[in-house]
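J.: my questions are about this predicted structure, shown below with the sequence.
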Amino acid sequence: QKEVEQNSGPLSVPEGAIASLNCTYSDRGSQSFFWYRQYSGKSPELIMSIYSNGDKEDGRFTAQLNKASQYVSLLIRDSQPSDSATYLCAVTTGANSKLTFGKGITLSVRP
Amino acid sequence: GAVVSQHPSWVICKSGTSVKIECRSLDFQATTMFWYRQFPKQSLMLMATSNEGSKATYEQGVEKDKFLINHASLTLSTLTVTSAHPEDSSFYICSAVLSPGTDTQYFGPGTRLTVL
């Protein structure tokens, strides 16, 4: 069974700090990796996608992928209160684009 | 680009009635759409994969006769919850893939269903 695991959380950081969100996956055949942000009562919003080992940066967000360790992370620099949300890690395997989601971790950024 | 809409955004219905939820890709054609359900404090659960012009593929444990999916055009998929019961109350979210061969899913805003 394909599984995506995220830290249980919740995670609380002060404004301006770096928030580090971690995710592991069980299927070595996984090909694509995504981080979604979900505000309470809203649907998920794509933050980052990453496909190859290494780092990918987009503004204050950096995704890191290590396929050997089956590990993907999201760093949020200069965290803002508006970053407070649930962050979902998602993984696809195969050609059908089906996503397997982790349970999500709730981030709270304290002003 | 990659805007997905859903209608209605919320609906309240009586037990035993059927409810139809529409999912539209507004600025692109989506050969594949997905339907998810999310209960409070839980992650998204994939219900089915909807392909234009063919029957939907349901995940294990999802009743295909209860959750009817129709993907009649490249921009519209519908989910009908038949004979709804209170346990069907949930947040239903659709997503679409931007183009064939890609796997980035863009989500609609969701439909909150409450069955009394």
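T.: Done, it's in.
J.: remind me which residues of the chain are low pLDDT?
T.: Let's take chain A. A:1, A:95 (pLDDT under 70).
J.: that's the wrong chain, I wanted chain B
T.: Short version for chain B, where the test is pLDDT under 70: B:1, B:100-101.
J.: which residues of it lie near chain A?
T.: B:32, B:34, B:42-44, B:46, B:49, B:91, B:93, B:97, B:101-110, B:112 (C-beta under 8 Å from any C-beta of the partner chain). Quick note: C-beta positions are derived from backbone N, CA and C, even for glycine.
J.: okay, now the closest residue to residue B:66 other than its chain neighbours: neighbour count?
T.: In space, and not counting its chain neighbours, residue B:66 is closest to residue B:82: 5.5 Å by C-beta to C-beta, 6 or more residues apart in numbering or on different chains. Neighbour count of residue B:82, defined by other C-beta atoms under 10 Å in any protein chain shown: 15.
J.: identify the residues contacting residue B:82.
T.: Each residue near residue B:82 by C-beta atoms under 8 Å, 6 or more residues apart in numbering or on different chains is listed here: B:18, B:65, B:66, B:67, B:68.
J.: most neighbours, which of those residues?
T.: residue B:67 (19 neighbours).
J.: hmm, that one is touching residue B:47, no?
T.: Yes. Applying C-beta atoms under 8 Å as the test, residue B:67 and residue B:47 come out as touching, 6.1 Å apart.
J.: shared neighbours, the two?
T.: With C-beta under 8 Å, 6+ apart, residue B:67 and residue B:47 have common neighbours B:35, B:58, B:79.
J.: name the SS class of the first one, please.
T.: Think residue B:35. Recorded secondary structure, residue B:35: strand (DSSP: H, G, I helix; E, B strand; the rest coil).
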